[in-house]
Structures are given as C-alpha cells and as structure tokens.
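[1] give the three-dimensional model of this entry:
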Amino acid sequence: MDSFFSLFHSPLILIAAIAALAFDFVNGFHDAANSIATVVSTRVLSPRLAVAWAAFFNFAAVFAFGVSVAMTVGKGVVHTNLVTVPVILSGLVGAIAWNLITWWLGLPSSSSHALVGGYAGAALAFKGTAMLIPSGLIKVAVFIVVSPIVGAGLGLLAHLVVERLAARGAPQRMTKRFKRLQLLSAAVYSFSHGTNDAQKTMGIIFALLVAGGSVAPKDPMPIWIIFACYTMIAAGTLFGGFRIVKTMGMRLTKLAPMQGFCAETGGGVTILAVSALGIPVSTTHTITGAIVGVGVANRIRSVRWMVAGRILWAWLLTIPMAALIAALFWYAAGQFL
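    Prediction:
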C-alpha cells in the first residue's frame, strides 16, 4: 500500500493516476459494445441488462490470468527507466481523446492501440526513438492483423460446426436454445475482455509509479492497482457505449442468436488464449473479425463491406492519431509540467 499513499505526495502523479483510471472507464464504455452488441442485436437481453451482465464478468476476470499483459504494456513498449510522469500523462490524454472521437463517430476502434499509440507518441516527442522498444511494438503490430483473422476463423468454424449440429432441430426450438447459450457466450467474451483490457491500464499505472520512484521495475504489481483497474473498466461497461452497438451488432451484418453465439465464442476464446500468453490484443479487432467470419459463413454478401471498410480505416488510424494527439499535448503542456 506504500505505492498507493505515495500518489498523494505528488499532485502530478495523482493527476496522471486519475487520468489512467479515467482511460480505463472510457475503455469500458467504448468497448462495452464489443461485449453486448450481439446479445442486444439478437434481442436476447435489453441494452441495460446486457451491460450489467457484461460489467459483472469484466470484473470477475480480476481473479484470473495474472498480470502478464499488464507487464507487457508497462515495460514492453517504452523503456520504463527513461519515462517521466508528464510523458505518461500526455500518452493518456492522446488515448482518451481518440477513444472519445471514435465513440462519438460510432466507430469500434481499439482502446488498446489508442493507449499504445498515445504512450509511444508522447515518448517519441520526449526523447525520440531511443525511448521505444521495437520488439514490443512489433508484437502489438503483428496482432493488429492476427487477432481479427483468428477471431474470424474461429467464428466461421464455430458457425459451421454449430450449424451442422443444429440442422436436425426444429428452428423455433433451436432459436430458443441459442438465446440461452448466448448468455454463456456473452459472459465468456466479457470475461475475456476484462482479462486483457483492464491489464493494459494496470501496466500504465505501474509505469507511472516507476517513473515517480514509488516502485522498482522488478517489483510485483500492487494489489490495489489490480482491483482499481478492474473496478473502473466494469463501471465504464455498466455506463454503456450504445453508439457503437448499432455499428457492431446491426450494421456490419445481420445476426441471429446462433450467429451471435458463434461470434462471441470465437472472439472470447481468441482473447483468452492470447491473454494467457501475455499478449495485449485489441478486443475490438477480435470480435469484429469474429462477426465478419460468422457473416461470411452465411453469405459473403451478407457482410456490409462498406461498414467494414470504415471500421478498417479507424483501426489503421488509431495508433498514429493517438500518438499525434499525445505528442501535441506534450509539446503544448506536458514538457512544462
């Protein structure tokens, strides 16, 4: 708990920690659509019940998978021993700003990549490329491509298997069964979202404490950081990002309960697997890929490719735009803090 009380001895560290938790909250309501879009669009749950269901399982993930993703973000992207508190604060401003912009536009961009982009952009503005860890950035970049492809593949596979198993059942009875199963798949996806996304903010707060001299890079993750981050992401999810729900669950492709179950299962399994490996991935990319995979299993034309194209542009712009906003904030204010 010493690292917690040390926050109050430095107003700037306290402000940056609050900004990190604010990002975690924004991450929750921005990415709530990922967890609830399919279950809402198939009318299994009302939007309010869906976000409550997702928030519960977001928080439940606190008891699983450790902190390996957090350590990748906190120590694997930017050299922690060189970073300063104003750099981290500038990175958080870039990430929060881009998340709010894409939320307002109804685009499911990646909160994870906004955080990495903001952090890297502020570090670049501070001391150039020497601040960055290429291997960590390459890992993040590779999974920009890998996670939606794997999600799409598992979503497609799940759909083909489930469709064959359900072929002999009466359609009305099978629809009722899959509505119940969607509660399970939505829980799995929300749990996986918590395991990966909450840990990213944990890594940033840990780096903040290292920069402030409160902990050493080799110290274990303080327990209060773990519970604070899972609480905030669950609270953000409970608030709900309904602007993005329409894009994910209704505009990208038409989903029935069986398709929703397959998409959530494919996306959730992918995220749980990479979380166990300590890899920070975009839950947004993964679930979008899974939804597209399920849509393709029906008919390629059932996917609205113009909507998918808008989403792709948001993905490509996330890291550079968050980095640019963070760098501009550093030049305007961060370097004077």
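[2] for the helix or strand containing residue 321, packing partners?
    In the assignment (DSSP states H and E), residue 321 maps to helix 305-332. Packing contacts for helix 305-332, counted by 3 or more CB pairs under 8 Å, 6 or more residues apart in numbering; DSSP states H and E, involve helix 85-105, helix 111-127, helix 283-298. Quick note: C-beta positions are derived from backbone N, CA and C, even for glycine.
[3] switch the cut-off to 6 Å
    Contact here means 3 or more CB pairs under 6 Å, 6 or more residues apart in numbering; DSSP states H and E; on that basis helix 305-332 packs against helix 85-105, helix 111-127.
[4] next one: stretch 130-140 to chain centre, how far?
    The chain centre lies 19 Å from the centre of stretch 130-140; the measure is CA atoms, centre = their mean, to the nearest Å.
[5] let me fix that, I meant to ask about stretch 74-92.
    For stretch 74-92, the distance to the chain centre is 19 Å (CA atoms, centre = their mean).
[6] endpoints of that stretch, how far apart?
    Start and end residues of stretch 74-92 are separated by 13 Å (CA to CA, to the nearest Å).
[7] okay, buried residues for it please.
    74-80, 83-92 (16 or more other CB atoms under 10 Å).
[8] same check on stretch 11-18?
    Neighbour-count burial for stretch 11-18 flags 12, 13, 14, 16, 17 (criterion: 16+ other CB under 10 Å).
[9] quick check, the second one in a helix?
    It refers to residue 13. Yes: counting by DSSP: H, G, I helix; E, B strand; the rest coil, residue 13 is found in a helix.
[10] that one against residue 212, yeah?
    Yes: Residue 13 lies in contact with residue 212 (CB atoms under 6 Å); the separation is 4.5 Å.
[11] intersection of neighbour lists for the two?
    With contacts taken as CB atoms under 6 Å, 6 or more residues apart in numbering, residue 13 and residue 212 have residue 85 as neighbours in common.
[12] check which helices and strands the longest helix anywhere in the chain sits against.
    When the chain is scanned for its longest helix (criterion: DSSP state H), the result is helix 171-211. In terms of contacts (3+ CB pairs under 6 Å, 6+ apart), helix 171-211 is packed against helix 11-41, helix 47-60, helix 68-76, helix 223-239, helix 257-276, helix 283-298.
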